[in-house]
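In: give the three-dimensional model of this entry:
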Amino acid sequence: MQDWNNYRDSLIGRVGDYAKVAPDVMRALSAIDVGVSKMGHLDATTHELIALAVAVTTRCDGCIAVHAKKAIDLGVKREEIAEALSVAISLNAGAALTYTARVLEAVDTLPNQ
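Out: Predicted coordinates:
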């Protein structure tokens, strides 16, 4: 089992190292994050639930480590996180089904052998 707290701390340190090498990229990424939070239509809790669902679908351990902590710090309940992740699971299954149809379509366009 991963030690998520140590992993998150280490990752944040490594991101800091990267920021020294590529400050313009980090400023741009930060500007996106700030811009999203300023839109004001969704609350911070909803942002973190979406972030966790996206983290699952993109398989990003760093995102999981950072956004799980943010969600808990905001008071999000474990059950709320599980529900949001259930949506991610259903969409991943739907995406697999969609791409299954694409594979079959590609196979159907091939000449018979």
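In: any idea what sits nearest residue 26, other than its immediate chain neighbours?
Out: For residue 26, ignoring the flanking residues on the chain, the nearest one in space by Cβ to Cβ, 6 or more residues apart in numbering is residue 19 at 4.2 Å. Backbone N, C-alpha and C define where each C-beta goes, glycine included.
In: so where's this structure uncertain?
Out: 113 (pLDDT under 70).
In: can you map out the helices along it?
Out: 4-21, 23-38, 44-58, 61-73, 78-109 (DSSP state H).
In: a markdown table for these, including mean neighbour count?
Out: Listed next are the helices of the chain as a markdown table, based on neighbours: other Cβ atoms under 10 Å:
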| stretch | mean neighbour count |
| --- | --- |
| helix 4-21 | 12 |
| helix 23-38 | 10 |
| helix 44-58 | 18 |
| helix 61-73 | 17 |
| helix 78-109 | 11 |
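In: any idea how far residue 101 is from residue 70?
Out: Here the criterion is Cβ to Cβ, to the nearest Å. By it, residue 70 lies 36 Å from residue 101.
In: repeat for residue 15
Out: 38 Å.
In: what's the answer for residue 3, then?
Out: 41 Å.
In: quick check, central residue of this protein?
Out: residue 55 (2.2 Å; Cα atoms, centre = their mean).
In: go ahead and confirm that one touches residue 70.
Out: No - the pair residue 55 / residue 70 is not scored as a contact, 11.2 Å apart, by Cβ atoms under 8 Å.
In: re the thing from before, and the residue nearest to the centre of the chain, what does it touch?
Out: By Cβ atoms under 8 Å, 6 or more residues apart in numbering, the contact set of residue 55 is 63-64, 67.
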